[in-house]
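Peer 1: Dropping the sequence and predicted coords here.
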There are 4 protein chains.
Amino acid sequence: MGKQGIRVAAKVSLDKPAAEQDCLHNRWHPDIPSYASIAPNDVVKIECVDWTGGQIGNNDSANDVRDVDLSKIHYLTGPFDIETAEPGDVLVVEIQDVQPMEEQPWGFTGVFAKSNGGGFLDEMYPEAAKAIWDFEGIFCSSRHIPGVRFAGLIHPGILGCAPSAEILETWNKREAELVSTHAHLDRVVAELPNAKNVHAGSASDEVREKIGREGARTIPGRPENGGNCDIKNLSRGSKVFLPVHVKGAKFSVGDLHFSQGDGEISFCGAIEMAGVITLKFSVMKNGIAQLGMKSPIYIPGPVEPQFGPGRYIYFEGFSVDENGKQHYLDATVAYRQTCLRVIEYLRRYGYSDYQIYLLLSCAPIQGHVAGIVDVPNVCLTIGLPIDIFGFDISPHLLAEKRDLGACAYAN
Amino acid sequence: MGKQGIRVAAKVSLDKPAAEQDCLHNRWHPDIPSYASIAPNDVVKIECVDWTGGQIGNNDSANDVRDVDLSKIHYLTGPFDIETAEPGDVLVVEIQDVQPMEEQPWGFTGVFAKSNGGGFLDEMYPEAAKAIWDFEGIFCSSRHIPGVRFAGLIHPGILGCAPSAEILETWNKREAELVSTHAHLDRVVAELPNAKNVHAGSASDEVREKIGREGARTIPGRPENGGNCDIKNLSRGSKVFLPVHVKGAKFSVGDLHFSQGDGEISFCGAIEMAGVITLKFSVMKNGIAQLGMKSPIYIPGPVEPQFGPGRYIYFEGFSVDENGKQHYLDATVAYRQTCLRVIEYLRRYGYSDYQIYLLLSCAPIQGHVAGIVDVPNVCLTIGLPIDIFGFDISPHLLAEKRDLGACAYAN
Amino acid sequence: MGKQGIRVAAKVSLDKPAAEQDCLHNRWHPDIPSYASIAPNDVVKIECVDWTGGQIGNNDSANDVRDVDLSKIHYLTGPFDIETAEPGDVLVVEIQDVQPMEEQPWGFTGVFAKSNGGGFLDEMYPEAAKAIWDFEGIFCSSRHIPGVRFAGLIHPGILGCAPSAEILETWNKREAELVSTHAHLDRVVAELPNAKNVHAGSASDEVREKIGREGARTIPGRPENGGNCDIKNLSRGSKVFLPVHVKGAKFSVGDLHFSQGDGEISFCGAIEMAGVITLKFSVMKNGIAQLGMKSPIYIPGPVEPQFGPGRYIYFEGFSVDENGKQHYLDATVAYRQTCLRVIEYLRRYGYSDYQIYLLLSCAPIQGHVAGIVDVPNVCLTIGLPIDIFGFDISPHLLAEKRDLGACAYAN
Amino acid sequence: MGKQGIRVAAKVSLDKPAAEQDCLHNRWHPDIPSYASIAPNDVVKIECVDWTGGQIGNNDSANDVRDVDLSKIHYLTGPFDIETAEPGDVLVVEIQDVQPMEEQPWGFTGVFAKSNGGGFLDEMYPEAAKAIWDFEGIFCSSRHIPGVRFAGLIHPGILGCAPSAEILETWNKREAELVSTHAHLDRVVAELPNAKNVHAGSASDEVREKIGREGARTIPGRPENGGNCDIKNLSRGSKVFLPVHVKGAKFSVGDLHFSQGDGEISFCGAIEMAGVITLKFSVMKNGIAQLGMKSPIYIPGPVEPQFGPGRYIYFEGFSVDENGKQHYLDATVAYRQTCLRVIEYLRRYGYSDYQIYLLLSCAPIQGHVAGIVDVPNVCLTIGLPIDIFGFDISPHLLAEKRDLGACAYAN
């Protein structure tokens, strides 16, 4: 009558290159072979490597962050066929737990170099930087950012079902158009299909080549399947409703985060980790039509860390940029300004700007749209939790400069 | 030894035109005469008219919303001289309470016509619409949007100190530049100084004329003084830190909201009301330098309505617009998409799109920045509280169409 | 179409003796004449005097507390006939708001003398003491207990419907039996009917005499009608389900509290105040049978002050009394011990024991049953919110004695 | 530079009798040999068997519960010497995580027979009963109580330091006195030292015999060291401050609970499980005097499941017992009444009383002291979370009887 441990639907190795593991892949494509099949209402554990597939080490140099090979990422585990799922259905996924690997109780946050990956504030902070986070049960702390410690709101950065061939074509077309019209920006505005380092699980050479030509990169989230949404409260206990576009759904998951701040601003910004996620699937037949659904929806779990509303300092940012230029209702500009306001506030305590940049990326900050209609300014806010700091950062107290060490840099 | 009721620092009349009341004004300008003086640590009540100065009636037609005169708004109460405050200081304002006027227990939410004011979704919803909300203690409900009822997170949409002459000049310059460079948009992208209907309290004709020429409109929030930030959790119990730019600070407040959703998307989107705010002031000498402050910060109060994290349905929106066009990391586009996802979801129950547009503007929805770095898409989310509805809107249940009446329209 | 202010169903005077006001009464009895009638779904405001009917003054002496006349209390407002309510029904009461009187923004907390009223810790603290609390919007603070300030979880200490004659007889019989069997305790163990100072609204002399003979005192809560339950989270937004025992329900309310700690340990322990409560009634026909109800139930409102679970210090108490005697599963003994543990903790900062006793009575402490089955000990806990203090009371910091003034004493 | 998995300070076997494992013991005594030594600030994992040492099976009969051998329980893991800890110090223990054993994802709740162990409601419910709970990540559900599912607030029921010889003597004396004066109750009012089945880790026969004679049972919590407090929010992230009475502290922990309701009313009432706890220790030198501490205190962690205050139904209980007898300020009687009120409410849906009794023991109900001074009645409340049920239990809806199966009984 008893019950054994929960079934592990996919096991990864942290010692073997990600590119050699059949349960992993790093592109979105309907032809990636299913790794395994899962029955509705079955509870399974799925192991995941960190999003870079092990490129980043637990050390005090950001060379690995600076030199990261972005053609390889993100490695996802799957795809899984969910029995009975068909196009038009909705796959309901309950995230029952997320845990780091028992043998690897640490994660990393990186600021990518502007020249390789970049991030939300790369105009101001173009260098690579890194912080290693040690996990102590539900808490984490970093030797690279002393004075803070917090409970993780642990979650997968990426989950979704495979696109159909039609959807994939739409993606490639609209993103190519963006690239073609934004050459003047002199930035990578989108990552188009790239055959280099493509990994498609156990696909044959021929299929892998096709996927290299067509497969959508896993970097952006997309409305049709969710994907890399990086939503911090899509955490333990959440139930997510995903549109199904191919037979069996071909569900994949990866990019586990021990914690993330709203925006994940440094790009490699969450506390990235390898780990294991416990999931339960069910299928809502004809759910897309029934829910009138164009993009995933979810119901968060009940166990977020709670600080109390009065235990945040909120910062305001507006769509006037750092050069004093007025933008028209630009929420992206406003959020960047809000981030800068927090940096200015925290640097008074002795943190370097890079340390704060890393911290804002991964600590449980609340990024809210406040007002988005009062021309020409939008206002966005960031709530910074007071209680993650080991000293009192209340504004009514004089800020005292301390020795707060340094994050890791590239040499 | 006893203590009488709390002093009322400014009293408004709901029967007299706002333009005739000396304690009101509708422009930002350092020369607007101070209405009264308040000592630090004094607790005072300040009465406010609704932001339109009474242009909107408790009736079933949106004609008044369609025809609103936007040259008049927003009427603020003040300015108040706070004793000892000087440029470079920070004015600390504790919001001890906000209440509707006892004799006027109702408020309104409006969708402005695209041709007069507009709003966040005016491309899809160009007509004027209105909902009247009745207050029952901490709750509100509307005959125009049956089936919902919620506790208000009551707050002032606007508070701030007067700009200095230099700051005012900066504002006018940068906003004029925006107007001049965005003529192609064929929209009002910013409201420049406008002598029409200027009200400057008890100012002489000469001063009023100057203010008409130079005075900044109260419509947008701005980084230098906050102003119309429309921040929903700047509510009861909050403490806000405002930079002081002129002697005495010249603090003003108005645009009281019974409730608002993140974004206040329909522009006249909060539940707008006349009311009274209880404030306590203190002055942090040299606070701007001490806090490294460029924009206001605040600490929210402890009494937000709480639904529990698992009592929200979250919707995802991306920077691919409604025509399928891919935008580059545009959070404004993404938030609009998120709003549309909620409308699609709720219309299954029998609400009209305009009813939902009104509801999203004023109900306590949570608008979050999720991921803002995964090129080319940003992802923003909206959390819709399940418990404000009188019927169960959970996604696992079949949506049943009901008779949910209609909001007010213009004829 | 507009709506005027909400109807006031009963108005009290703070200048006239409570005993002379027809809308007040201070006994439970079915024959107290109804003061007014209220229709279901009508929203009304009901004014209340403080529970002592004005015996306590805003001053620095506890003489009034020491000398309080307990034959007069509690004054309730009502009774109100709720149309259509009949015995067997359940009266559903929504508490839409509670506010202090605008002209009296203060309240009091008293420790009664052991010889006149007593309290939970009167063996250790037999003297009278008092603290006056000033209200600043949602917050309160006291010149008699410096260093604390908190938002009130405002609520009525008493509400309920009149008992039937049969229920009244049950009450009088079982309480008289208790008195007769507990003479050895040398304490007032229950207050039996007492003709002295009986007030029965507009009752005729004859009826008043009857009520004096039979009327149950309002001091205890009782299972059959609720009454003086002193439940701190029966606050704004709550919906309470009350059994109806007489035609029209004869609903009464009073004993308003600005705030209270679990247990209200000093008896006059909440922050007692005069005020106004906004209510909406509805009737659930045959509700008692339908709900299987023997005692009232309620659903709290959504707006409690929130501190975050990690912002409390929790103290443990067991059923071993202060003399080292082991009691058998006695939760009352255990709760007293828990209270003493908090007093010992807080006196290290310079507070007197009486100040802390007052504070525990009225501040939002959480009193929980932890384990009640592990013979012979029960364990009860008290959670003390850290954030109501103006200095850091965390246990890892050295406690520093401060000058924290004194509460009011009798001379 | 990397970091391996966290050190396991004690490993248990689920296949070997608890009595044969050196890292376990089932009495409190200073002479139980230390199992291992732990340095301050070291993070360790400690494995624990379930409190009965494996007497209860995952099956559908309550025979094992009926026949449980109470002389064996509770098995604790330890004791551990914490380096530098000495009498007079305070041991600060951070609970960084608690998890069930990976290979045993289930737990049990039992109602003990009145004749063997009993429980809070054994006068009404004297038979043995059982429910098995399956864990799905952070959630649990039971085939014996269909229709409910909730996230666990996981915690150790027992932790504490060894008593000194003097304290042990005090315990034995005062509990023996209770037994001698309560013979008339015809119940086990306390478990005195009992040589039968004593287990003292690796103690020699001689020492084990001594411990059999003198060792305090682990059943009750006690003020001097905490022990079996069964505090539901002493969960992940909590920091507990324990008085140290012997050199090295001799810390022990056990009785892990996946979830528990306030009171743990059925005695074997939590969801009992084997599992692993992650702890970090530090020592506050001379902490007992510094904190004025007589009993442990703690600060809860930040990650409790949150339902929102308005998502509970609260029940009221008073100190009038089920026979109509009035008790004097008896909180134990009142809490029992409150429990009965919930049973009456929930049985309307088709649950048996035993199912509800089991549920109230282990689900996250909130048991509060409301008023404890209004002679002769105290009022205690229980908050029952609405959202743990799969159907709507709101009081305004008609309760519909369903087929809700049965819990396990003894045959």
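Peer 2: Alright, I've got the coordinates.

Peer 1: mind showing which ranges of chain A have poor pLDDT?
Peer 2: Across chain A, residues meeting the criterion (pLDDT under 70) sit at A:1-4.

Peer 1: tell me the SS of A:Ala392?
Peer 2: For residue A:392 the amino acid is Asp, not Ala. Of the three states, A:Asp392 takes coil according to DSSP: H, G, I helix; E, B strand; the rest coil.

Peer 1: I should have written A:Gly269 there, sorry.
Peer 2: Judged by three-state DSSP, the three-state class of A:Gly269 is strand.

Peer 1: pretty sure it is touching A:His257, no?
Peer 2: No - using CB atoms under 8 Å, A:Gly269 makes no contact with A:His257, being 9.0 Å away. Heads up, the C-betas are built off the backbone N, CA and C, glycines and all.

Peer 1: residues shared between the contacts of those two?
Peer 2: The contact sets of A:Gly269 and A:His257 overlap at A:Cys362 (CB atoms under 8 Å, 6 or more residues apart in numbering or on different chains).

Peer 1: How about chain A: which residue is closest to chain C?
Peer 2: When scored by CB to the nearest CB, chain A has A:Gly308 as its residue closest to chain C, at 3.5 Å.

Peer 1: Burial check on that residue, number of neighbours?
Peer 2: Residues contacting A:Gly308 under the criterion other CB atoms under 10 Å in any protein chain shown number 22.

Peer 1: next one: A:Leu91
Peer 2: 26.

Peer 1: partner residues bridging it?
Peer 2: Beta bridges link A:Leu91 to A:Leu242, A:Val283 when assigned by DSSP bridges.

Peer 1: ok, now which ones touch the residue of chain A closest to chain C?
Peer 2: By CB under 8 Å, 6+ apart, the residues touching A:Gly308 are B:302, C:306-308, C:311, C:387.

Peer 1: can you redo those as a markdown table with distance to C:Pro126 and secondary structure?
Peer 2: Converted to a markdown table, these look like this (distance: CB to CB, whole Å; DSSP: H, G, I helix; E, B strand; the rest coil):
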| residue | distance to C:Pro126 | secondary structure |
| --- | --- | --- |
| B:Pro302 | 35 | coil |
| C:Gln306 | 37 | coil |
| C:Phe307 | 33 | coil |
| C:Gly308 | 37 | coil |
| C:Arg311 | 34 | helix |
| C:Asp387 | 32 | helix |
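
Peer 1: how near is A:Val198 to chain B?
Peer 2: Distance, A:Val198 to chain B, by CB to the nearest CB, to the nearest Å: 19 Å.

Peer 1: try A:Ala113
Peer 2: Here the criterion is CB to the nearest CB. By it, A:Ala113 lies 14 Å from chain B.

Peer 1: Could you count how many residues lie near the nearest residue to that residue once chain neighbours are set aside?
Peer 2: Distances taken as CB to CB, 6 or more residues apart in numbering or on different chains put A:Ala128 closest to A:Ala113, at 4.3 Å, once the chain neighbours are dropped. Residues lying near A:Ala128 (other CB under 10 Å) number 27.

Peer 1: Ok, A:Asp69 next?
Peer 2: When neighbours are counted by other CB under 10 Å, A:Asp69 comes out with 12.

Peer 1: where does it land in three-state SS?
Peer 2: For A:Asp69, the assignment made with three-state DSSP gives coil.

Peer 1: Close to chain C: what parts of chain A are there?
Peer 2: For chain A, the residues in contact with chain C (CB under 8 Å from any CB of the partner chain) are A:306-311, A:387, A:392.

Peer 1: need the contact list for A:Phe389.
Peer 2: A:147-148.

Peer 1: What distance do you get for it to A:His257?
Peer 2: 21 Å (CB to CB, to the nearest Å).

Peer 1: so A:Gly160 sits in a strand?
Peer 2: Yes - the assignment for A:Gly160 by three-state DSSP puts it in a strand.

Peer 1: A:Cys161 bridge partners, please.
Peer 2: The partner residues for A:Cys161, given DSSP bridges, come to A:Phe251.

Peer 1: count of residues packed around it?
Peer 2: Residues lying near A:Cys161 (other CB under 10 Å) number 32.

Peer 1: That one is in contact with A:Val244, isn't it?
Peer 2: Yes - counting by CB under 8 Å, A:Cys161 does reach A:Val244; the two are 5.4 Å apart.

Peer 1: residues bridging contact with these two, i.e. touching both?
Peer 2: What both A:Cys161 and A:Val244 touch, as defined by CB under 8 Å, 6+ apart, is the set A:Leu91.

Peer 1: ok so, going back, what values do phi and psi take at the residue of chain A closest to chain C?
Peer 2: Here is the backbone geometry of A:Gly308 (degrees, to the nearest 10): phi 90, psi 130.

Peer 1: Quick check: the gap between it and D:Val49.
Peer 2: Note on A:Gly308: its distance to D:Val49, by CB to CB, is 37 Å.

Peer 1: got it, and A:Ser115?
Peer 2: 56 Å.

Peer 1: again, but for A:Thr77
Peer 2: Look at A:Thr77 and D:Val49: by CB to CB, they are 34 Å apart.

Peer 1: Compare the two (neighbour count), which wins?
Peer 2: Each of A:Thr77 and D:Val49 has its neighbours counted (other CB under 10 Å); A:Thr77 has more, 30 against 27.

Peer 1: quick one: secondary structure of that one?
Peer 2: Following three-state DSSP, A:Thr77 is assigned to strand.

Peer 1: who are the neighbours in contact with A:Phe258?
Peer 2: A:Phe258 is in contact with A:100, A:107, A:133, A:135, A:140, A:152, A:154, A:270-273, A:275, A:362, counting by CB under 8 Å, 6+ apart.

Peer 1: can you do 6 Å?
Peer 2: Applying CB atoms under 6 Å, 6 or more residues apart in numbering or on different chains to A:Phe258 gives the contacts A:107, A:140, A:152, A:154, A:271, A:273.

Peer 1: With A:Pro296 instead?
Peer 2: A:Pro296 is in contact with A:226, A:240, A:242, B:316, counting by CB under 6 Å, 6+ apart.

Peer 1: Please flag which of the residues you listed sit within strands.
Peer 2: The strands, defined by DSSP state E, take in A:226, A:240, A:242, B:316 from these.

Peer 1: Please consider this matter closed, and thank you.
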